[in-house]
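Undergrad: Please find the sequence and the predicted model below.
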Amino acid sequence: MPNVLRHLALLLTLTFVLVSCSERVGSEKGARIITLGDSLLASNVGEKRSVSNMLEAELGVPVLDRSVVGAQMHYMLPISGALGMSIPKQFVPGPWEWVILNGGGNDLWLGCGCLLCTGTMERLISADGKKGEIPKLVRRIRATNARVIYVGYLRSPGFGSPIDHCKSLGDRMEARIAQMASADEGVTFLSLEDLVPYGDKSYHSADRIHPSVKGSAAVGRRVADIIRKGGL
């Protein structure tokens, strides 16, 4: 069953990619914040209530949203990768003071098939947080002097989720990301482990994977708080 779910998710991803990868929020000049990543950040953009929309409302500044539903850190197909399915390719040069980033979950869920997870994890980020696709992208961003907020994933509300079997692996990945962030004062890891109260389904959409409008708003507020403290 997990394999069937992964194939269905991939089909949905390919269906929505051309819609999802456009520069939807804050494409006007003057944006100093950019968001890169997958559906954690891209969800609810159709209703203009994504994490980026919340950031604009909270901070009163434009935000350029480049996140794409289904995007991965390690993505080999060239055309759809250039359109945003590759998270590293979402990053574009600009006057960014803050880069809001997430990713890695789709690599583990869609990419390793529950069989090659150790290799996939190492390709994403090593135990010391120094090697892999994630540190490589963060270093590229930090070379521009932009500060990075790496956002973790929502946890299951306790009612079962198609990705519950990946929980321990996701926890390990986030521990490694936190390790990476601890070595650079310009990088902040924002864990969402405590965001969803046990038994509360209101932070998730009906699939119990992606954030609801309430979930996106809650994530956006936490990101905005970090930016306020850091300055813009």
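TA: Done, it's in.

Undergrad: In space, what's closest to the residue nearest to the spatial centre of the chain - neighbours in sequence excluded?
TA: Ranked by distance to the mean C-alpha position of the chain (C-alpha atoms, centre = their mean), the top residue is Asn102 at 2.6 Å. In space, and not counting its chain neighbours, Asn102 is closest to Gly37: 3.8 Å by C-beta to C-beta, 6 or more residues apart in numbering. All C-beta atoms are positioned from the backbone trio N, CA, C, and that covers glycine.

Undergrad: Against Val213, how distant is that neighbour?
TA: To Val213, Gly37 is 18 Å away according to C-beta to C-beta, to the nearest Å.

Undergrad: Which residue of these two possesses the greater neighbour count?
TA: Gly37 (26 against 17; other C-beta atoms under 10 Å).

Undergrad: who's in contact with that one?
TA: The contact partners of Gly37, taken as C-beta atoms under 8 Å, 6 or more residues apart in numbering, are Ser67, Ala71, Ile87, Gln90, Ile100, Leu101, Asn102, Gly103, Val151.

Undergrad: Following element in sequence after the lowest-mean-pLDDT helix or strand in the chain, please.
TA: One helix or strand of the chain scores below all others by mean pLDDT, DSSP states H and E: helix 2-20, with a mean of 44. Per DSSP states H and E, the first helix or strand lying C-terminal to helix 2-20 is strand 33-36.

Undergrad: so what's Ala71 closest to, chain neighbours aside?
TA: Spatial nearest neighbour of Ala71, excluding adjacent residues (C-beta to C-beta, 6+ apart): Asp38 at 4.5 Å.

Undergrad: List the residues that contact the nearest residue to Asp184 once chain neighbours are set aside.
TA: Using C-beta to C-beta, 6+ apart and skipping residues adjacent in sequence, the residue nearest Asp184 is Arg142, 6.6 Å away. By C-beta under 8 Å, 6+ apart, the contact set of Arg142 is Val148, Asp184, Gly186, Val187.

Undergrad: excluding its backbone neighbours, what's nearest Leu36?
TA: Closest to Leu36 by C-beta to C-beta, 6+ apart is Gln90, at 4.4 Å.

Undergrad: Can you verify my assumption that Leu55 contacts Gly220?
TA: Yes. The pair Leu55 / Gly220 is scored as a contact, 5.2 Å apart, by C-beta atoms under 8 Å.

Undergrad: For the residue nearest to Asn102, report the pLDDT, please.
TA: Note on Gly37: pLDDT of 97.

Undergrad: next one: Leu101
TA: As summarised for this prediction, Leu101 has a pLDDT of 98.

Undergrad: Show me the shaky parts of the protein.
TA: Across the chain, the ranges flagged by pLDDT under 70 are 1-29, 76-83, 110-116, 159-166.

Undergrad: picking up where we left off before, can you add distance to Asn44 and secondary structure and give the contacts of Gly37 back as CSV?
TA: Output for these, formatted as CSV (distance: C-beta to C-beta, whole Å; DSSP: H, G, I helix; E, B strand; the rest coil):
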residue, distance to Asn44, secondary structure
Ser67, 11, coil
Ala71, 16, coil
Ile87, 19, helix
Gln90, 18, helix
Ile100, 15, strand
Leu101, 18, strand
Asn102, 15, coil
Gly103, 18, coil
Val151, 15, strand
